[in-house]
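Visitor: mind looking at a prediction? Sequence and model below.
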Amino acid sequence: MMAVIRFWLAHRSELASAFGQHVLLVAVSTLVAVALGVPLGVFAARRPRLSAPLVGLANVVQTVPSLAMFGFLLPVPLLGGVGARAAIVVLILYGLLPIVRTTIAGLTGIDRSIREAGVAMGMAPGELLWQVELPLALPSIVAGVRVAAVVGVGSATIAAAIGAGGLGEYIYRGLSMVDSTVILAGAIPAALLALAVDGGLLWVERRLSARRHSRSRRLAAGLAVAVIAIVVISSSALAGRSARTIVVGSKNFTEQVILGELVAQTIERKTGLAVQRRLNLGGTLICDRALLGGDIDVYVEYTGTSLTAVFHQPLSTDPKSASGSREDGEFSSAAARANGGGATRALGKDVYDRVRDLYARTGRTLLPPLGFDNTFAILVRGRDARALGLRTIDDAARETPRWRAGFGYEFLDRPDGYPGLAKTYGLRFLDSPHVMDLTLSYRALASGQVDLIAGDATAGLIKGLDLFRLEDNRHYFPPYDAAPVARAETLLRYPRVRLALDALAGRISAADMQAMNYAADALHEDPATIAKRFLADK
Amino acid sequence: MPAIEFDDVGYGRADAARVLEHFNLSIETGEVMALVGRSGAGKTTVLKLVNRLLLPQNGRVRVEGRDTRDWDPIRLRRSVGYVIQEVGLFPHMSVSGNIAVVPRLEGWSAARIAARVDELLELIGLSPQMYGTRWPDELSGGQRQRVGVARALAADPPVLLMDEPFGALDPVTRAELQVEFRRIQDRLRKTVIIVTHDMGEALKLADRVAILEEGRLIACDRPDAIVKSTDPRVRRLLNTITLLPGANEGQPSAERESPRSSARSSALGGEAPSASPEAESLRSRPRSSADGGGGPIRL
């Protein structure tokens, strides 16, 4: 707990802005959900035949896991993409159900004789709605708003996966660093916020039900107006990033966050432009969409990943098909691999060229590689490797029928992932591979829950947890040279950004990267600090 | 010209038993007309046809000589006060707020509304200072019913429809309110239709009594003539008020559906012998219908 408090103190201003973003996400989405949900509920309450399907539909929306919902929305123009806007759309969809449902319940629960009295007194439908029906349904509607807002506080933490900011950033950062202090630093304020929202709206609801205290009714109404005013003002202040801001993205694992910081700090130092960080975006495809849609300007990608996962191109791992064997100091594939020599280096260059052309066709520029190849590393415990004399994946294939495997979500599905690996080496396991978070899989291996995982070659935990990397002796994996990919438009407008990033070319060796990952994962250092120190040393 | 006129009105689904069939009735300006009959006889339907909560399938309903179909429903309803069975006070409004509903809809000034609310509270015998700011659930049943009447009278509508206005009250309060109703009516001279299944109440309050059975009008006359009727169906209804306590068990009674029926019968039973003489006395009272249009109709 002391560690959490120390973390908060060290990150006060960042924490405050994350908290503010979180509140804003929930407030904006809840307000819009009210603006849509109450009229929908009124509409449905008057047409009983419609209300059942409508509530059913809202129920279905509610059951879609929020991460999946963010995924669905990524390619949708206007609503989707990456950032706060898409997050708000998802939060609105979640908020609609409780609000529509309680609006219907509140309206249909009104005594028939009261409604008839209104009609008989000559109230027009609108007068009946505003003077009788809505006031009587209000406590019920507020109960729905309360549920929507509390659910929103929770779902908004997940919105950090698509770069919406908020307290979820800490939770994701903590998860990727396997650092419970950082997780708690985000989770505790989020939980407190949920409790506060719940309590506050419960108070409003009670005040409204005790309808005889017209003074506190007015107070509650005043509070609501104040909240709306604050939200409108602050969201208009936040709307639209300034034209001179470069947005740096990253995926949601340690190395990516460190690389994101490196890129961001390099741009800051060398160009003086303001940099906005959208680190910890959900995965490869989210980053790619964000770059295409202009939500981010640059992130670091791996050439093999681009080729297979982004562009769905077949792998050609046959070194002879490589376009040339020209030596190029920036290509480190060979260095990162135990064997392969010049052929592998040529392959790396070939993949890089193909990917660069593919990016160029879609308005993006692949910048020179950073200098290390983060291929998949098939890992086993060091103690097993020594005891069984394992060196290559072929060696391990003899043992795997008695083993369990654990893989990250992406690895199981990727064209360059598990299915091809199993085929190439004839791997069979005791049971089907366990799906787990990539970062957690290192610990699962070390603690004996699984016996073989697919990690990153540069992972700091390989050293930290005494893991052994099996050699890819059949050259199944393509090269994964890390290189920044940026929007061509941004580079044209800010040539200094290109110059700054060119300066990083070939500067980060596999050993450097592994050391930085180790500092973050095993020593729990802050990625920003690690990046700063690295740039200062170089 | 009668204030309200039913001209061969039919209402109900064609395939089922009709709620109303060939219904003819004229109510004169300033007259109190009681509609008596058992539950399901069509009494409430008659009321709802007047303020166009329902439209007839056959025939015409005319208010002030104009077919209700030709009335703007909102205008019509604001000219017709309605006191309903379950009171229907708005629980989210104070007593004053409830009374002020129609004047507010009509866009009266705040000062005029406040004065009118006080006036009406005085009229129904509730002190404006004590009761104006109370909430409906803080009132007794009788007080709520009075407020319901005040609310119906708020914009001074020429016509007042009352659906079992005293049905849910204890016998003492009920008798009190009946006396008060007559007092108010003598002052205001509204055209009133009051629905009841209590023959005693009808005879006590009305200038004329209309008796419905299964959607048809079987009798309509002054109370003194009704009590002398030889029609067996009318006599059966009259018997319900002259029966002694407990003697109505097993009898076809208009009140058998009410759990309070025996209590009410006993209360009325005490005054039953005087029912007819009282009806006699009503006869001598000056009738507004005889005034010849001197009523307060201002449509």
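Guide: Looks like it came in fine. Because the structure is predicted, anything quoted here is derived from the model rather than measured.

Visitor: what's the local residue count around residue 60?
Guide: Chain wasn't specified; assuming chain A. By other Cβ atoms under 10 Å in any protein chain shown, 10 other residues sit near A:Val60. (Each C-beta comes from the backbone N, C-alpha and C, glycine too.)

Visitor: please go with chain B instead
Guide: 16.

Visitor: check the one 10 residues further on too.
Guide: When neighbours are counted by other Cβ under 10 Å, B:Asp70 registers 10.

Visitor: do you know how far it is from chain A?
Guide: 16 Å (Cβ to the nearest Cβ, to the nearest Å).

Visitor: how far does the helix or strand containing A:Ala515 sit from its chain's centre?
Guide: A:Ala515 is part of helix A:510-521 when elements are defined by DSSP states H and E. Relative to the centre of its chain, helix A:510-521 is centred 22 Å away, using Cα atoms, centre = their mean, to the nearest Å.

Visitor: just the strands in chain A please.
Guide: When assigned using DSSP state E, the strands of chain A occupy the ranges A:245-251, A:274-281, A:298-302, A:364-366, A:376-381, A:405-407, A:434-435, A:452-456, A:467-470, A:482-487.

Visitor: could I get the buried residue list for the lengthiest helix in chain B?
Guide: Scanning chain B for the longest helix, with DSSP state H as the assignment, gives helix B:171-188. Residues of helix B:171-188 classed as buried by neighbour count (16 or more other Cβ atoms under 10 Å in any protein chain shown): B:171, B:173-178, B:180-182, B:184-185, B:188.

Visitor: cool, and stretch B:138-149?
Guide: B:Leu139, B:Gly142, B:Gln143, B:Arg144, B:Gln145, B:Arg146, B:Val147, B:Gly148, B:Val149.

Visitor: tell me who's in contact with the second one.
Guide: Yep, that's B:Gly142 we're talking about. Contacts were defined as Cβ atoms under 8 Å, 6 or more residues apart in numbering or on different chains; by that measure B:Gly142 touches B:Leu169, B:Thr173, B:Glu176, B:Leu177.

Visitor: again, only this time at 7 Å
Guide: If you count contacts by Cβ atoms under 7 Å, 6 or more residues apart in numbering or on different chains, B:Gly142 has them with B:Leu169, B:Thr173, B:Leu177.

Visitor: what helix or strand does it sit in?
Guide: Per DSSP H and E, the secondary structure element for B:Gly142 is helix B:141-153.

Visitor: on that earlier part again, what packs against the helix holding A:Ala515?
Guide: With contacts defined as 3 or more Cβ pairs under 7 Å, 6 or more residues apart in numbering or on different chains; DSSP states H and E, the secondary structure elements packing on helix A:510-521 are helix A:254-271, helix A:461-464, helix A:527-537.

Visitor: would TSV of those with mean pLDDT be doable?
Guide: Written out in TSV, the entries for the helices and strands packed on helix A:510-521 read as follows (pLDDT from 0 to 100):
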stretch	mean pLDDT
helix A:254-271	92
helix A:461-464	83
helix A:527-537	91
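
Visitor: winner for burial among the ones you listed?
Guide: When you average the neighbours per residue for each of the helices and strands packed on helix A:510-521 (mean count of other Cβ atoms under 10 Å in any protein chain shown), helix A:254-271 leads with a mean of 23.

Visitor: what helices and strands are in contact with it?
Guide: With contacts defined as 3+ Cβ pairs under 7 Å, 6+ apart, the secondary structure elements packing on helix A:254-271 are helix A:168-177, strand A:245-251, strand A:274-281, strand A:298-302, helix A:495-502, helix A:510-521, helix A:527-537.

Visitor: now the third one: average pLDDT?
Guide: Translated: strand A:274-281. Averaging pLDDT along strand A:274-281 gives 86.

Visitor: end-to-end on stretch B:39-59?
Guide: The distance separating the two terminal residues of stretch B:39-59, taken as Cα to Cα, to the nearest Å, comes to 23 Å.

Visitor: which residues of the stretch 301-450 of chain A score low on pLDDT?
Guide: Scanning the stretch 301-450 of chain A with the threshold set as pLDDT under 70 gives A:315-345.

Visitor: show me the helices in it, by range?
Guide: Using DSSP state H, counting those that start in this stretch, the helices assigned to the stretch 301-450 of chain A run over residues A:303-305, A:333-336, A:341-361, A:382-388, A:393-397, A:409-413, A:418-425, A:438-446.

Visitor: CSV for the helices and strands packed on helix A:254-271, including distance to A:Gly260?
Guide: Below are the helices and strands packed on helix A:254-271 laid out as CSV (distance: least, Cβ to Cβ, whole Å):
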stretch, distance to A:Gly260
helix A:168-177, 11
strand A:245-251, 3
strand A:274-281, 4
strand A:298-302, 7
helix A:495-502, 13
helix A:510-521, 12
helix A:527-537, 8
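
Visitor: return the most buried member of these.
Guide: Mean neighbours per residue, mean count of other Cβ under 10 Å, is largest over those for strand A:298-302, with a mean of 27.

Visitor: other SSEs contacting that strand?
Guide: For strand A:298-302, the helices and strands in contact under the criterion 3+ Cβ pairs under 7 Å, 6+ apart are strand A:245-251, helix A:254-271, strand A:482-487.

Visitor: which parts of chain B sit against chain A?
Guide: Residues of chain B lying close to chain A by Cβ under 7 Å from any Cβ of the partner chain are B:51, B:53, B:74, B:77-78, B:82, B:84, B:86, B:88, B:90, B:92, B:101-102, B:105, B:135.

Visitor: and of those, the nearest to A:Trp403?
Guide: The nearest member of those to A:Trp403, counting by Cβ to Cβ, is B:His92 at 68.6 Å.

Visitor: need the pLDDT of that closest one.
Guide: Value listed for B:His92 in the pLDDT field: 88.

Visitor: swap in the one 5 residues further on?
Guide: You'll see B:Gly97 listed with a pLDDT of 92.

Visitor: let me see the contact set for the closest residue to it other than its chain neighbours.
Guide: Once flanking residues are discounted, B:Gly97 sits nearest to B:Phe90: 7.3 Å by Cβ to Cβ, 6 or more residues apart in numbering or on different chains. Under the criterion of Cβ under 7 Å, 6+ apart, the contact list for B:Phe90 reads A:Ile114, A:Val132, B:Asn98.

Visitor: what's the distance between the second one and A:Ala229?
Guide: In this case it means A:Val132. Distance check for A:Val132 against A:Ala229: by Cβ to Cβ, to the nearest Å, it reads 28 Å.

Visitor: compare the two and say which is more crowded by neighbours.
Guide: When A:Val132 and A:Ala229 are compared for neighbours, A:Val132 comes out ahead with 23 against 10, by other Cβ under 10 Å.

Visitor: any idea what the residue nearest in space to the middle of chain B is bridged to?
Guide: Of all residues in chain B, the one closest to the mean position by Cα atoms, centre = their mean is B:Ile194, 1.8 Å from it. Under the criterion DSSP bridges, B:Ile194 forms beta bridges with B:Ala34, B:Met162.

Visitor: ok, the buried residues of stretch B:138-149 vs chain A, which is closest?
Guide: Looking at the buried residues of stretch B:138-149 and their distance to chain A, the nearest is B:Gly148, at 8.5 Å (Cβ to the nearest Cβ).

Visitor: surely the closest one touches B:Val95?
Guide: No: taking contact to mean Cβ atoms under 7 Å, the distance of 10.6 Å between B:Gly148 and B:Val95 leaves them out of contact.
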